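> Sequence first, predicted coordinates after that:
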Amino acid sequence: MPKLKTRKAAAKRFSKSGTGKLMRRKAFKNHLLQHKSAKRKRRISNMAVVNERDADNVQMMLPYL
């Protein structure tokens, strides 16, 4: 059986938490930050759990994560 390939684009975007959940970055934190409040930027900085409906697709892209 050949080894499965990891999708490198997905590997850069997702990680696994200590409890085994898939984590992702939140959107809207890359540019146009001057008009966003510090509270909003702090909230966006935290990692979020991948939705359970998307988790299976992400897991298929990352077979060894």
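Received it, and whenever you're ready, just let me know what you need.
> May I see the buried residues of stretch 57-65?
Of the residues in stretch 57-65, 58, 61-62 count as buried by neighbour count, 16 or more other C-beta atoms under 10 Å. Using the backbone N, CA and C atoms, a C-beta is placed for each residue, glycine as well.
> Residues contacting stretch 15-27, please?
Stretch 15-27 has contacts (C-beta atoms under 8 Å, 6 or more residues apart in numbering) with 13-14, 43-50, 55, 58-59, 65.
> Mind naming the longest helix for the protein?
Counting by DSSP state H, the longest helix found in the chain is helix 52-61.
> helices or strands up against it?
Helices and strands touching helix 52-61, by 3 or more C-beta pairs under 8 Å, 6 or more residues apart in numbering; DSSP states H and E, are helix 8-13, strand 22-24.
> what lines up beside the last one in the sheet?
Same thing as strand 22-24. strand 14-16 (antiparallel), strand 48-49 (antiparallel) (DSSP bridges).
> Highest neighbour count among the contacts of stretch 15-27?
residue 14 (21 neighbours; other C-beta atoms under 10 Å).
> in the sheet, who's paired with it?
residue 24.
> Centre-most residue in the protein?
For the chain, the residue nearest the mean C-alpha position is residue 24 (1.8 Å; C-alpha atoms, centre = their mean).
> What separation do you get for that residue and residue 38?
22 Å (C-beta to C-beta, to the nearest Å).
> got it, and residue 22?
28 Å.
> quick one, which of these two is more surrounded?
It is residue 22, of residue 22 and residue 38, that has more neighbours when counted by other C-beta under 10 Å, with 21 against 8.
> Spatially, what comes nearest to that one if we skip its sequence neighbours?
Beyond its immediate neighbours in the sequence, the residue positioned closest to residue 22 (C-beta to C-beta, 6 or more residues apart in numbering) is residue 50, lying 4.0 Å away.
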